[in-house]
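1. based on what follows, work out the 3D shape:
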Amino acid sequence: MNIQALFGGKFFQVIKSFSGGIVGLLTDLVLLKIFFYFESIPPYLSVVLAFFIALYANFLFQKHISFKYKDENDLTYGNASFFLVYWIFMSALNILLIKFFESTFYLNLFYGQIIASALMAIVSFFVYKKLIFSKLGKIIEKRGDYYAVKYGKIFFISFLARILVFLYLFIKFGEGAIVWGDSTRYLGAGESILRGVYEYGGLKEVYRTPGFPFFLSFFISLGLPVWLISIFNILLASFIPVFVAYFCSKINLSGIWKKIAISLSIFEPIMLYYSIAILPDVLFSIFLFVIIFFILKFSETRKIKFILIFSVLIGLLNYIRPVGIYMVIGIVLFLFFELKNTLFKKKIIYGIIAISIPLLVMIPWQYRNYKVFGVFEFTSALPVNLFNYAGVSSVSFSNSTPYQDTKLKLLEDFRRDAPYPSNQKDLRNSAYLKNKAKEIIKLHPVGYVKSVIAGLNTFLFSGNYHYLLMKYEVINKPAEIKSYSFIWAKNGLWGLIKIVLKDMSSPYTLIAFLGKVFWIIIIMLSIFGGLIKRKESLSMLFLIIFLYFCATILSVGIGVEARHRFALNPLIFIFSSVMMKFIYERFIRNRTTI
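-> Here you go, the predicted structure:
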């Protein structure tokens, strides 16, 4: 008997699709029961893991049985990458439905999952039928097969590496693995946005710009668990190596050298760990790479729409992290040098557009600050950092006194003399903080220079691997954590070397030293690689952005850490690979062929 003829073609497809839903549901429930036995796995993480495997089983069933869809090309990793995006969306919907049933009908996770799966089976059928396994799906495949094959594998491996690190740390350490340091402040600010204000700890927030807290507020408003924000962060971060692959193609870097750059952007510990922490580094990096993409597009085509796009994005970038406020000056310099055959009048017009649009985008927040504090400025971060880090460390290095003791003493002066001593980050204190910091720096110029050198040393050459390994109990915490910057300032370079060699038996110090050596090599290679490719647009842009980030150390001194290099690292890896290739071709390959 022909079952398909009996029920009719369309109805039979519905039956097959329903069967696929049953397969997915049974897989989900069985795995859910298994995961619930492991008490160390949080309940909602069990839901996500079980749902991931079940959804993939359903996906394969629908593809090969319900719709009998055949790829015209080998898109193994392209399909996998698409599925990850689809899974993120469906997982969020799944958790929202379960939480709704839990809070409204008091159903436990298991029964809530059954009803949620039934509802999503209906949604999935139409998604599969109308989008994925349809004529539209074929069109998407034909147009996207090149990019799926070229970049899908990179995205998939990047996502897999990060999700494995996330699972290990989250299962072992819980939310402390992803929420620490400034994370709590950003989450608190995100919650305040939902109340119609922007504050933290009861004080109006002006030190941290609202871009990342606004991003977090979306997840908070839906009642989603914090770790789901981390997974979304991982999804975004997995595009970073894709950008690296694209940028490599722009400077004709291929083969093993391209693979080295991509691999470093995937597996280097800073790039791995800070992809899962709830901090603005990933979002800032994605914005920066999209800006670079459109700057290159404008450089190639001279189309005005591209300069409009990247100018707006530069303005928005400052809402995520205000480090980009003056970066537009470097971009304008790049355009002047890059557009060699363009009339000077047009260069002026392009420059005005590139400067004015970011300023216009920033005006709404400056106006908010004017209404709240009476000061038309974007953030209090610059004067606060100038005082707390550059000013304090200048005195500390100059007098060879501990940083914290010096800071406490200067804060006494602040509380006595500042116009609003109850909140240092109040914009109305900006003028006082700037003037006081400049006065301190003038009195302690040698200390300031040492502070900047120490800051550059940390920003450029620190891996911070020793701290992460200690934090997650891979190595033991040393009896005393020393500040080698202050040891250098007090005892000189030779005194520093003797103390480091003495402490080298400690894994903490050894790993810190090896990380330092690694980054010294990588940074130096990248600088020379950028100079070698200086005629390439991307190379010139890299060198300008690199110098700009280094220049920001002038205002923060020692107030930096390795993660502040996160957005710059992918470009560093690209141009260090350029130099590796140059060294190999010039000095090694020629010798081996003799």
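2. what is the neighbour count of the nearest residue to Pro43 once chain neighbours are set aside?
-> Closest residue to Pro43 apart from its sequence neighbours, by C-beta to C-beta, 6 or more residues apart in numbering: Leu109 at 5.7 Å. Glycine gets a C-beta too; all of them are placed from N, C-alpha and C. Leu109 has 17 neighbouring residues, counting by other C-beta atoms under 10 Å.
3. quick check: Leu109 touching Glu102?
-> Yes. Taking C-beta atoms under 8 Å as the definition, Leu109 is a contact partner of Glu102 at 7.2 Å.
4. got the buried residues for the strand or helix carrying Ile53?
-> Per DSSP states H and E, Ile53 falls inside helix 43-61. Using 16 or more other C-beta atoms under 10 Å as the test for burial, helix 43-61 gives 44-52, 54-59, 61.
5. which element is Trp365 on?
-> Residue-wise, Trp365 maps onto helix 344-373 under DSSP H and E.
6. now find how far off-centre that helix is within its chain.
-> For helix 344-373, the distance from its own C-alpha centre to the chain's C-alpha centre is 25 Å (C-alpha atoms, centre = their mean, to the nearest Å).
7. what is that helix packed up against?
-> On a contact count with 3 or more C-beta pairs under 8 Å, 6 or more residues apart in numbering; DSSP states H and E, helix 344-373 meets helix 304-320, helix 327-338.
8. next helix or strand past that helix?
-> helix 381-385.
9. one step back: quick check, nearest of the buried residues of helix 43-61 to Phe243?
-> Phe52 (25.5 Å; C-beta to C-beta).
10. my guess is that closest one contacts Met90. True?
-> No. The criterion here is C-beta under 8 Å, and Phe52 misses it with Met90 at 9.4 Å.
11. show the contacting residues for Val23.
-> 57-58, 61 (C-beta atoms under 8 Å, 6 or more residues apart in numbering).
12. again with Ala567
-> 281, 284-285, 288.
13. now the residues you listed as TSV including neighbour count, secondary structure and distance to Ser577?
-> Supplementary listing: the contacts of Ala567 in TSV, determined by neighbours: other C-beta atoms under 10 Å; DSSP: H, G, I helix; E, B strand; the rest coil; distance: C-beta to C-beta, whole Å:
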residue	neighbour count	secondary structure	distance to Ser577
Asp281	23	helix	22
Phe284	21	helix	23
Ser285	25	helix	18
Leu288	24	helix	19
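14. for this structure, just list every one of the strands.
-> Secondary structure of the chain (DSSP state E): strands at 199-200, 203-204.
15. pick the most buried one from the ones you listed.
-> For the strands of the chain, ranked by mean neighbour count under the definition mean count of other C-beta atoms under 10 Å, the leader is strand 199-200 at a mean of 18.
16. and that one, what does it pack onto?
-> Right, strand 199-200 is packed against helix 183-194 by 3+ C-beta pairs under 8 Å, 6+ apart.
17. could you list the buried residues of the helix it packs on?
-> 183, 186-187, 189-193.
18. which one of the residues you listed sits closest to Lys305?
-> Nearest member of those to Lys305, counting by C-beta to C-beta, is Ile193, at 31.4 Å.
19. does that closest one really touch Gly211, like I thought?
-> No. Judged on C-beta under 8 Å, Ile193 makes no contact with Gly211 at a distance of 11.0 Å.
20. tell me where the stretch 351-500 of the chain has helices.
-> Along the stretch 351-500 of the chain, the segments classed as helices by DSSP state H, counting those that start in this stretch run 381-385, 392-399, 403-417, 430-443, 445-461, 465-471, 484-503.
21. next, format these as JSON lines and append mean neighbour count, mean pLDDT and distance to Val23.
-> As requested, the helices of the stretch 351-500 of the chain are arranged in JSON lines below (neighbours: other C-beta atoms under 10 Å; pLDDT from 0 to 100; distance: least, C-beta to C-beta, whole Å):
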{"stretch": "helix 381-385", "mean neighbour count": "22", "mean pLDDT": "92", "distance to Val23": "53"}
{"stretch": "helix 392-399", "mean neighbour count": "24", "mean pLDDT": "90", "distance to Val23": "62"}
{"stretch": "helix 403-417", "mean neighbour count": "14", "mean pLDDT": "90", "distance to Val23": "60"}
{"stretch": "helix 430-443", "mean neighbour count": "17", "mean pLDDT": "94", "distance to Val23": "62"}
{"stretch": "helix 445-461", "mean neighbour count": "20", "mean pLDDT": "92", "distance to Val23": "52"}
{"stretch": "helix 465-471", "mean neighbour count": "20", "mean pLDDT": "87", "distance to Val23": "41"}
{"stretch": "helix 484-503", "mean neighbour count": "15", "mean pLDDT": "72", "distance to Val23": "58"}
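22. quick one, which of those helices is nearest to Lys346?
-> helix 381-385 (33.0 Å).
23. mind listing residues that contact the closest one?
-> Contacts of helix 381-385 (C-beta under 8 Å, 6+ apart): 207-208, 322, 424-425, 429-431, 433-434, 437, 555-556, 559.
24. what's the closest of those to Ile34?
-> Once C-beta to C-beta is applied, the member of those that ends up nearest Ile34 is Arg208, at 42.0 Å.
25. and the closest one, how far is that from Tyr326?
-> 18 Å (C-beta to C-beta, to the nearest Å).
26. pretty sure Leu410 is touching Gly391, no?
-> Yes. With contacts counted by C-beta under 8 Å, Leu410 reaches Gly391, the gap being 7.0 Å.
27. joint contacts of those two?
-> With C-beta under 8 Å, 6+ apart, Leu410 and Gly391 have common neighbours Ile440.
28. nearest to Ile572, out of the helices of the stretch 351-500 of the chain?
-> Here helix 445-461 is closest among those (C-beta to C-beta), at 9.2 Å.
29. return the closest one as PDB; C-alpha atoms alone will do.
-> Provided in PDB are the C-alpha atoms of helix 445-461 (Å, rounded to 0.1, in the frame of the first residue of the first chain):
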ATOM      1  CA  PRO A 445      57.300  64.100  35.100                       C
ATOM      2  CA  VAL A 446      59.700  61.200  35.600                       C
ATOM      3  CA  GLY A 447      57.100  59.300  37.500                       C
ATOM      4  CA  TYR A 448      54.600  60.000  34.700                       C
ATOM      5  CA  VAL A 449      57.000  58.700  32.100                       C
ATOM      6  CA  LYS A 450      57.500  55.500  34.100                       C
ATOM      7  CA  SER A 451      53.700  55.100  34.500                       C
ATOM      8  CA  VAL A 452      53.200  55.400  30.700                       C
ATOM      9  CA  ILE A 453      56.000  52.900  30.000                       C
ATOM     10  CA  ALA A 454      54.600  50.500  32.600                       C
ATOM     11  CA  GLY A 455      51.100  50.900  31.000                       C
ATOM     12  CA  LEU A 456      52.500  50.300  27.500                       C
ATOM     13  CA  ASN A 457      54.300  47.200  28.800                       C
ATOM     14  CA  THR A 458      51.000  45.800  30.200                       C
ATOM     15  CA  PHE A 459      48.900  46.800  27.200                       C
ATOM     16  CA  LEU A 460      51.200  45.400  24.600                       C
ATOM     17  CA  PHE A 461      53.100  42.600  26.200                       C
END
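30. appreciated, that's everything.
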